[in-house]
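Visitor: the following block contains a protein sequence and its predicted model.
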Amino acid sequence: MGAAVGEAVGGRKMGAKAALWGAVGGTIPDLDVLFMSFFHPFDAALVHRGFSHSLLFALLAGPILGWLFTKLYKQRYDRKTWIWLWTLAIVTHPMLDIFTNYGTQFLWPFDPRITFNTVFVIDPLYTVPFMILLLIALFTKRTNPRRSKWNWAGIIWSSGYLVWGVVVKLILLSQATGYFQEGNYQVKNTMVTPMPLTSFYWQLVSEDSTNYYVGYKSIFADFNPDEIQTVPKNHALFKEMKWKDKDRNEQLRYITNGYCALEQSNDTIWCYDLRFGTMKQLTGGTLTQPLMGYGMIVDKQVVQKSFRLPRGNAFKAINFGNYIDKVFGK
């Protein structure tokens, strides 16, 4: 998106370098990951997609970079073009991230992390056609009017795909309660989010007072209540955990947007983030534990160390053949 925005703003004047710098601008917000290792794991989760993903950051960084690049290129291109290029390349990054399920603090310094939960963070059907259309544009002479049309076709495709995800989610959300009732589950607070790599297959997470329930729906097949997975909440562990520095229970609930399941195994308490689902469908049932979360090593229930849930073995167990069958309702 950053490259396409750069091309749209300055491609006619600058040629391919506009897309290059636009791509750089579109990458800048994610440089916050370089600072995450300096923070407590819970704080790091909030640092990412925080200030650098805000509208304020784009409005500050865009003009500064625009002024700098006007100087670097010795006013070969006007400052207004540079400012628009950098500002739009930067701001469209968090705007896209809002559609994913991690959440983006777009209105920083205000706390709410905005998320639409309508597209997975990696989706080839979004990226590949967009990339192809952009490459066709970049290999077309800049004096050719079709160059702009190819580039805008990619931007329109990406925008249309995002709208498609919103429409599908709203339809599934309106039917979600009925899906769980098919399995005789009386639930509340249903969340609908796309499964990895696709907008054709969706996860539905709901809850009652003791458990979370995770179901799956392909747009090509009926909902199967027999696939619903039960994940115990075990929220009583929140009362048992003690913290050395400060109580981080509410922070855990905030990071997981309330979809937090706890489990204790020997000296480790696990906090699973159910927004990212479990490994059941991805591994053909080989693994069933949640994909994302945190671990807290405890001594007499006092937290000694916190860390992100390791996922190396989970990725090794992925069964792509079975997963593709699930996506297409087979």
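Guide: Received the coordinates, thanks.
Visitor: check contacts around residue 165.
Guide: By Cβ atoms under 8 Å, 6 or more residues apart in numbering, the residues touching residue 165 are 99, 116, 118-119, 194, 199. In short, each C-beta sits where N, CA and C put it, glycine included.
Visitor: quickly check those for the two that are furthest apart.
Guide: Pairwise distances across the contacts of residue 165 (Cβ to Cβ) peak at 12.4 Å, for the pair 116 and 199.
Visitor: these two: which is more packed in?
Guide: Using other Cβ atoms under 10 Å as the criterion, residue 116 and residue 199 rank with residue 199 on top: 21 against 17.
Visitor: tell me which element the residue nearest to that one when sequence neighbours are not counted falls in.
Guide: Among residues not flanking residue 199 along the chain, residue 165 sits closest, at 5.1 Å (Cβ to Cβ, 6 or more residues apart in numbering). Assigned by DSSP states H and E, residue 165 belongs to helix 145-182.
Visitor: give the buried residues for that helix.
Guide: For helix 145-182, a neighbour-count test (16 or more other Cβ atoms under 10 Å) marks 147-148, 150-151, 153-155, 157-158, 161-162, 165, 168-169, 172, 176, 179-180 as buried.
Visitor: and stretch 180-196, by the same measure?
Guide: Those would be 180, 185, 187, 190-196, for stretch 180-196 by 16+ other Cβ under 10 Å.
Visitor: show me those residues that map onto strands.
Guide: 190-194 (DSSP state E).
Visitor: burial of residue 228, as a residue count?
Guide: 19.
Visitor: ditto for residue 106
Guide: Neighbours of residue 106 using other Cβ under 10 Å come to 22.
Visitor: doesn't it fall inside a strand?
Guide: No. Going by DSSP: H, G, I helix; E, B strand; the rest coil, the assignment for residue 106 is coil, not a strand.
Visitor: against which helices or strands is the helix or strand containing residue 59 packed?
Guide: Taking DSSP H and E as the definition, residue 59 sits inside helix 55-72. Here helix 55-72 is seen to pack against helix 79-97 when contacts are counted using 3 or more Cβ pairs under 8 Å, 6 or more residues apart in numbering; DSSP states H and E.
Visitor: what residues sit buried inside the helix it packs on?
Guide: 81-97.
Visitor: output the contacting helices and strands for whichever helix or strand comes after that helix.
Guide: The helix or strand immediately downstream of helix 79-97 is helix 124-138, counting by DSSP H and E. On a contact count with 3+ Cβ pairs under 8 Å, 6+ apart, helix 124-138 meets helix 2-14, helix 16-27, helix 145-182.
Visitor: and the longest one, what's its mean pLDDT?
Guide: When you say that, I think you mean helix 145-182. For helix 145-182, mean pLDDT is 96.
Visitor: what's the answer for the first one, then?
Guide: This predicted structure assigns helix 2-14 an average pLDDT of 95.
Visitor: and residue 23, how many neighbours does it have?
Guide: Residue 23: 18 neighbours (other Cβ under 10 Å).
Visitor: if you could redo that for residue 305, that was the one I meant.
Guide: Neighbours of residue 305 (other Cβ under 10 Å): 12.
Visitor: what stretches of the stretch 1-150 of the chain score poorly on pLDDT?
Guide: Nowhere does the stretch 1-150 of the chain drop to pLDDT under 70.
Visitor: swap in the stretch 201-330 of the chain?
Guide: The stretch 201-330 of the chain contains residues with pLDDT under 70 at 312-313.
Visitor: what lies in contact with stretch 2-12?
Guide: 18-27, 77, 81-82, 84-85, 88-90, 92-93, 130, 134, 137-138, 142, 147-148, 151-152, 154-155, 158.
Visitor: buried ones in that stretch?
Guide: Neighbour count says stretch 2-12 has 2-11 buried, by 16+ other Cβ under 10 Å.
Visitor: could those residues go into a markdown table alongside distance to residue 277?
Guide: Formatted as a markdown table, the buried residues of stretch 2-12 follow (distance: Cβ to Cβ, whole Å):
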| residue | distance to residue 277 |
| --- | --- |
| 2 | 29 |
| 3 | 31 |
| 4 | 30 |
| 5 | 32 |
| 6 | 35 |
| 7 | 36 |
| 8 | 36 |
| 9 | 38 |
| 10 | 41 |
| 11 | 40 |
